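Asker: predicted model and sequence follow; I will ask about them next.
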Amino acid sequence: MSKAIRMSRTGGPEVMEYVDVDVGPPGPGEATVRNEAIGVNFIDVYFRTGLYPQPLPNGLGQEGAGVVEAVGEGVTEVKVGDRVAYAARPNGAYAQLRNMPANILVVLPKQIAFDTAAAMMLQGMTVQYLLHRTAQLKPGDTILFHAAAGGVGLIACQWARVMGVNLIGTVSSEEKAALAIENGAAHAINYKRENFVEKVKELTEGKGVSVVYDSIGQDTFFGSLDCLSPLGLMVSFGNSSGPAPAFSPSELQSRGSLYVTRPTLGHYVAKREDLEASAKSLFGVVASGEVKIAINQRYNLADVGQAHTDLESRKTTGSSILLPH
């Protein structure tokens, strides 16, 4: 028997149960992975609360790293003994052992530790597509990135610096502002003390930014639009404060013929070649030391409820991981 987190209903952290599960042999196209470390992300909260629906009962978690223990019929992507990492549906990463589609696994370079991989795959590949594919950023561009001291944010701060992009980050405290600056943000705005729209206009001499990356949703959506320069791009990629509000297309016209997109990692890595390219890009900047992964919270798998509580209350910085053993 193996331990895993299961939920039979949606709700608060209490719906996650630490239970015994019987993991059988992998089916065709599957691999059995023994997790060494598991990532915790806000998308897990969305599934737990029901904001993102899934069939129940079910597991949670989309990110992890471990060792392949068995492979099913037809598997060519990995072999037994491979060190692997992943960040994709189906949910179920909150487990010691799991069977999963082999085509979402990537082989992990020896120089990257399991805990680093589990902390970076979903967040790091998210930053990879946001900065390199959703927008065509070039050196000297100025962007706004909300939640700059979070797991995605700290990676974005560093990667933007590597690219020569000026990243203005929003944060909720002076401590988080210092952390964002330390990791490469050009400026950090404490939104609890300053109006972020006014500050962005001040920092850009009234021009606004070319791209806004907004994972907050409801609380910041229209403010984010107001930070854009004409023909700017609004990238709404999360809902930590609640779903973004409905709006009329005229809101975009009146602010300067703006663009809005709602991307998700799954679409950007749906093709095997895109998954491998994204992971290779991420592994490269991490292995070189250009981007460092800050694992600032570690929890035992059984304590996943506390991990979610801390994440939702904005007590965390950087990445959080679960240790399954």
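Answerer: Alright, I've got the coordinates. Numbers count the residues shown, from 1 in each chain.
Asker: secondary structure class for Gln253?
Answerer: helix (DSSP: H, G, I helix; E, B strand; the rest coil).
Asker: no, scratch that, I was asking about Tyr86
Answerer: Tyr86 - assigned by three-state DSSP - is strand.
Asker: if I pick it, what's in contact with it?
Answerer: Contacts for Tyr86 (CB atoms under 8 Å, 6 or more residues apart in numbering) come out as Val33, Gln62, Glu63, Gly64, Ala65, Ala93, Met100, Ile104, Leu105, Val106, Met121. In short, each C-beta sits where N, CA and C put it, glycine included.
Asker: likewise for Arg298?
Answerer: Asp115, Ser320, Ile321, Leu322, Leu323.
Asker: of these, buried ones?
Answerer: By neighbour count, with 16 or more other CB atoms under 10 Å, these hold Asp115, Ser320, Ile321, Leu322, Leu323 as buried.
Asker: what's the burial count for the nearest residue to the first one once chain neighbours are set aside?
Answerer: This means Asp115. Distances taken as CB to CB, 6 or more residues apart in numbering place Ala37 nearest to Asp115, at 4.4 Å, with adjacent residues excluded. Around Ala37 there are 24 other residues, counting by other CB atoms under 10 Å.
Asker: over to Val107?
Answerer: 16.
Asker: Gly153: which element?
Answerer: helix 151-163 (DSSP states H and E).
Asker: helix, strand or coil for the residue nearest the centre of the chain?
Answerer: Centroid-nearest residue in the chain, with CA atoms, centre = their mean: Gln123, separated by 3.1 Å. Following three-state DSSP, Gln123 is assigned to helix.
Asker: show me the contacts for it.
Answerer: Applying CB under 8 Å, 6+ apart, the residues near Gln123 are Gly39, Asn41, Gly151, Val152, Ile155, Ser319.
Asker: on that earlier part again, from the contacts of Tyr86, which single one is nearest Leu258?
Answerer: Nearest to Leu258 out of the contacts of Tyr86 is Gln62 (CB to CB; 30.5 Å).
Asker: tally up the residues packed near the closest one, please.
Answerer: Using other CB under 10 Å, Gln62 has 25 neighbouring residues.
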